[in-house]
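**Q** pasting the sequence and the predicted coordinates here, then a few questions.
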Amino acid sequence: MFFSNKNILIGVTGGIAAYKSAEIIRLFKKEGADVRVVMTESAKEFITPLTLQAVSGNAIHDSLLDVKAEAAMGHIELAKWADIILISPCTAETIAKITHGRADDLIGAILLASKADKYIAPAMNMNMWSDSSTQENYNTLLKRDIAFIGPASGEQACGDVGPGRMEEPSNIIEFIRKSFKTGPLSGKKITITAGPTREQIDPVRFISNNSSGKMGYAMADAAIEVGAIVNLISGPVSIKPNKHVNLINVNSAEEMLNKVIDSMSDSDIFIGCAAVSDFKPSDYSDIKIKKEDMDDIDIHLEKNEDILTYVASEFTTSYVVGFAAETSDVKSNAKRKLKSKDLDMIISNDVSDKSIGFDVDDNEVNVITNKETIFLKKDKKIRIAREILKIISLNIQV
Ligand code: C5P
């Protein structure tokens with residue numbers, strides 16, 4: 001799953017090799033990528049938009065000036081969306097257009113607007129390829145950090161033999177795989193818990209806590225950025241998750257535990273960010289308790305299973321990270337928990353300081369392992385999350 005979480009935009013132009021773009025899309029998708037396709041009008045003479053829509057799983061983009069298409073996902077949005085842009089096959093005409101920075105069609109406009117890594121897989125008759133204008137265009141584009149894949153040499157559709165064939169799909173994927181830098185946790189599976197849990201007393205009342213889920217969701221975002229495949233098991237929060245995250249919604253600690261166990265069967269890393277309720281009511285009333293029926297009420301609470309401790313003891317080959325929100329002796333309490341829960345890492349923060357911790361955008365933490373303590377000074381939760389993921393990546397490599 002080398003391309004998991006990666007957005008790949010494939011531009012298909014009008015050459016006989018356009019039929020091979022279906023295979024290129026299939027190979028990228030097999031490696032976990034999200035693929036969108038832009039077609040020129042002449043490409044549609046060689047392969048139908050319906051075929052490429054079916055293999056990519058997304059509607060085809062083909063027009064710069066269509067109001068409806070631009071409203072759905074405009075050329076600037078597509079340009080920003082893409083991590084990689086591959087034009088395959090790329091005709092002599094499109095190479096010439098790109099060289100001159102033309103933006104009179106969708107592919108040209110997206111290429112100008114995008115900061116993505118750009119690749120061209122040329123396909124044309126050998127004489128068109130070796131013609132001095134094409135060669136000049138090719139050399140100009142090489143200087144602009146556009147990588148060329150191929151063309152390959154061999155028998156051509158027109159019967160000529162020489163350079164101009166589009167590289168085989170598997171070679172194109174391999175070339176991009178070698179040159180594109182993904183994150184240090186590329187393809188690793190991470191289970192993250194986030195948010196509070198709700199322990200129901202009756203159908204309308206519950207015990208819960210103030211967790212907003214912001215830190216857990218930031219950890220999920222940061223994990224996606226470094227290439228991980230993320231299962232985010234979340235209690236009720238009001239945050240929109242990253243679209244690459246596999247979100248699993250739960251309510252109670254017991255539900256969270258069950259989903260964590262399922263997810264950990266193939267996870268490499270567990271990050272327990274959730275503020276799991278330590279206790280739950282021993283009895284659940286499946287009808288609403290009526291205040292008219294009683295003057296007071298005793299709710300007996302019993303302990304919930306500690307999910308983090310459970311994961312650390314049952315999934316011993318995984319790297320297990322906990323969070324410790326403390327109000328006093330922050331570091332020493334966290335170190336105690338690192339040992340007692342048998343964790344690989346614990347992140348401690350002081351929730352008595354209202355500017356960090358629960359329901360705010362900033363955090364300040366200590367990242368504690370058995371060998372070191374790293375202080376991360378107050379910053380946005382996403383930046384703190386990125387630093388924590390960096391430290392985790394370094395630790396799991398040793
Ligand atoms: O012991 P304490 O609750 O302070 O530990 C906090 C850490 O333990 C957090 O990582 C939290 O997600 C986890 N935890 C858990 N299950 C519980 C209670 C806490 O996974 N029942």
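**A** Cool, the structure landed.
**Q** dihedrals phi and psi, Ile76?
**A** Backbone torsions of Ile76, given as degrees, to the nearest 10, read phi -70, psi -40.
**Q** how about the contacts made by it?
**A** Contact analysis of Ile76 by Cβ atoms under 8 Å, 6 or more residues apart in numbering lists Ala113. Any C-beta I mention is one placed from the backbone N, CA and C, and that applies to glycine too.
**Q** relative to the ligand, how far out is it?
**A** 40 Å (Cβ to the nearest ligand atom, to the nearest Å).
**Q** could you measure from that residue over to Lys68?
**A** Ile76 sits at a distance of 16 Å from Lys68 (criterion: Cβ to Cβ, to the nearest Å).
**Q** contact residues of the protein facing the ligand?
**A** Counting by Cβ under 6 Å from any ligand atom, the chain comes close to the ligand at 193, 253, 272, 274, 276, 278, 304, 306-308, 322-324, 337.
**Q** quick one: the helices in the stretch 251-398 of the chain?
**A** Secondary structure of the stretch 251-398 of the chain (DSSP state H, counting those that start in this stretch): helices at 253-264, 307-314, 330-340, 381-397.
**Q** would CSV of the ones you listed with distance to Thr369 and mean pLDDT be doable?
**A** CSV is the format used below for the helices of the stretch 251-398 of the chain (distance: least, Cβ to Cβ, whole Å; pLDDT from 0 to 100):
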stretch, distance to Thr369, mean pLDDT
helix 253-264, 20, 98
helix 307-314, 14, 98
helix 330-340, 8, 95
helix 381-397, 6, 94
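**Q** Ser267: neighbour count?
**A** When neighbours are defined as other Cβ atoms under 10 Å, Ser267 has 24 of them.
**Q** for it, what are its contacts?
**A** 189-191, 231, 315, 318.
**Q** dump the helices of the stretch 251-398 of the chain into a markdown table; add mean neighbour count as well.
**A** As requested, the helices of the stretch 251-398 of the chain are exported to a markdown table (neighbours: other Cβ atoms under 10 Å):
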| stretch | mean neighbour count |
| --- | --- |
| helix 253-264 | 19 |
| helix 307-314 | 19 |
| helix 330-340 | 16 |
| helix 381-397 | 19 |
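**Q** that older thread, just the contacts of Ser267: which are in strands?
**A** Of the contacts of Ser267, the ones assigned to strands by DSSP state E are 189-191, 231.
**Q** where does the closest residue in space to Thr182 that isn't next to it in sequence land in three-state SS?
**A** Closest residue to Thr182 in three dimensions, ignoring its sequence neighbours and counting by Cβ to Cβ, 6 or more residues apart in numbering: Gly227, at 4.4 Å. Three-state call for Gly227 (DSSP: H, G, I helix; E, B strand; the rest coil): coil.
**Q** right, and Gly227 touches Lys188 too?
**A** Yes: between Gly227 and Lys188 there is a contact under Cβ atoms under 8 Å: 7.4 Å.
**Q** which one of the contacts of Ser267 is nearest to Glu364?
**A** For those, the closest approach to Glu364 (Cβ to Cβ) belongs to Ile190, at 23.2 Å.
**Q** pull the number of nearby residues for the closest one.
**A** Counted by other Cβ under 10 Å, the residues lying close to Ile190 total 27.
**Q** residues contacting it?
**A** Contact partners of Ile190, counting by Cβ under 8 Å, 6+ apart, are 223, 228-231, 267-271.
**Q** dump these to TSV, plus pLDDT.
**A** Supplementary listing: those in TSV, determined by pLDDT from 0 to 100:
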residue	pLDDT
Ala223	95
Ala228	92
Ile229	92
Val230	95
Asn231	97
Ser267	97
Asp268	97
Ile269	98
Phe270	98
Ile271	98
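**Q** got these as a markdown table, with distance to Asn366 columns?
**A** Below are the contacts of Ile190 laid out as a markdown table (distance: Cβ to Cβ, whole Å):
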| residue | distance to Asn366 |
| --- | --- |
| Ala223 | 20 |
| Ala228 | 23 |
| Ile229 | 28 |
| Val230 | 24 |
| Asn231 | 26 |
| Ser267 | 25 |
| Asp268 | 24 |
| Ile269 | 19 |
| Phe270 | 19 |
| Ile271 | 16 |
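**Q** are any of these buried, and which?
**A** 223, 228-231, 267-271 (16 or more other Cβ atoms under 10 Å).
**Q** just those now: which is nearest the ligand?
**A** The ligand lies nearest to Ile271 out of the buried ones among the contacts of Ile190, by Cβ to the nearest ligand atom, at 8.1 Å.
**Q** CA-only coordinates of the lowest-mean-pLDDT helix or strand in the chain in PDB, if you can.
**A** The helix or strand of the chain with the lowest confidence, counting by mean pLDDT, DSSP states H and E, is helix 67-73 at a mean of 79. Output of helix 67-73 as PDB, limited to C-alpha atoms (Å, rounded to 0.1, in the frame of the first residue of the first chain):
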ATOM      1  CA  VAL A  67     -19.900  25.700 -14.800                       C
ATOM      2  CA  LYS A  68     -21.300  22.500 -13.200                       C
ATOM      3  CA  ALA A  69     -18.000  20.700 -13.200                       C
ATOM      4  CA  GLU A  70     -16.100  23.700 -11.900                       C
ATOM      5  CA  ALA A  71     -18.600  24.100  -9.100                       C
ATOM      6  CA  ALA A  72     -18.200  20.400  -8.100                       C
ATOM      7  CA  MET A  73     -14.400  20.400  -8.100                       C
END
